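**Student:** Any chance you could fold what I've pasted below:
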Amino acid sequence: MICPSCGHENLPGAEVCEQCMHDLMGLDLPQPKEGLQRRLMEDPVRVLPLRPPVTISPEEPVGRALELMRQHRIGSVLVVEGGKLVGIFTERGALLELVGAPTRLLTRRMREVMTPHPVVLREDDTLAFALHQMSLGGFRRLPVVRPDGTPVGVASIKDILRYIFTLCRS
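**Tutor:** Next up is the predicted model:
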């Protein structure tokens, strides 16, 4: 890696220049070039048509969450307490928590079955970051929240793929 300050050639991955101590951090970060790559690395999550969040209280019964998911034809509900996101309940969660267990859909509370402290996105996060988070966690959708924790929507891998498809067609 060549130091932009003094021109000294440093070993790849060096944090500072061996000769002039110039900070080299950040020079290894991938930079967007053009087209789709640039759009994914620069466009924020807010460009997606975020679906309004369907929310439920942690004290409501699991049966209510399943009813909301069926009614809205969605794969998850956000668990909100005091206006702040505290958990998520997904189709996968329903399968893992409810199949094979005694059916107590009317008495079992969301607090018992939700995934607490879910991974979230902010509206300013890039699409590349969203894809990275989804890939790391094996998530098909992630809640999008404001800095104060208020949910504003849900971003799904389908939404991102549709956006990419639209970019490719234009």
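**Student:** Please pull out the lowest mean pLDDT helix or strand from this structure.
**Tutor:** The helix or strand of the chain with the poorest confidence is helix 91-98; it has a mean of 80 (mean pLDDT, DSSP states H and E).
**Student:** May I see the buried residues of that one?
**Tutor:** For helix 91-98, the buried set under the neighbour-count rule, 16 or more other CB atoms under 10 Å, comprises 93, 94, 97, 98. Yep, even glycine has a C-beta here, placed from its N, CA and C like the rest.
**Student:** For residue 93, give me its contacts.
**Tutor:** Applying CB atoms under 8 Å, 6 or more residues apart in numbering, we find residue 93 in contact with 113, 114, 115.
**Student:** What's the separation between the spatially closest residue to residue 59 that is not a sequence neighbour and residue 57?
**Tutor:** Once flanking residues are discounted, residue 59 sits nearest to residue 109: 5.7 Å by CB to CB, 6 or more residues apart in numbering. Separation of residue 109 from residue 57 (CB to CB, to the nearest Å) stands at 9 Å.
**Student:** which stretches of this protein have low pLDDT?
**Tutor:** 29-32, 101-103 (pLDDT under 70).
**Student:** can you map out the helices along it?
**Tutor:** 35-42, 62-72, 91-98, 110-113, 127-137, 157-169 (DSSP state H).
**Student:** Tell me, how many residues neighbour residue 147?
**Tutor:** Other residues lying near residue 147 total 8 when counted by other CB atoms under 10 Å.
**Student:** Hmm, it is touching residue 121, no?
**Tutor:** No - between residue 147 and residue 121 there is no contact under CB atoms under 8 Å: 12.0 Å.
**Student:** Pull the number of nearby residues for residue 55.
**Tutor:** Neighbours around residue 55, by other CB under 10 Å: 17.
**Student:** can you pull the contacts of it?
**Tutor:** 77, 78, 79, 80, 151.
**Student:** Could you single out the nearest of the contacts of residue 93 to residue 44?
**Tutor:** Nearest to residue 44 among these, counting by CB to CB, is residue 115 at 24.9 Å.
**Student:** so how far is residue 152 from the closest one?
**Tutor:** 19 Å.
**Student:** swap in residue 26?
**Tutor:** With CB to CB as the criterion, residue 26 and residue 152 are 30 Å apart.
**Student:** Looking at the two, which one has more neighbours?
**Tutor:** residue 152 (18 against 8).
**Student:** Grab the nearest non-local neighbour of that one.
**Tutor:** Using CB to CB, 6+ apart, the closest residue to residue 152 is residue 144 (5.3 Å).
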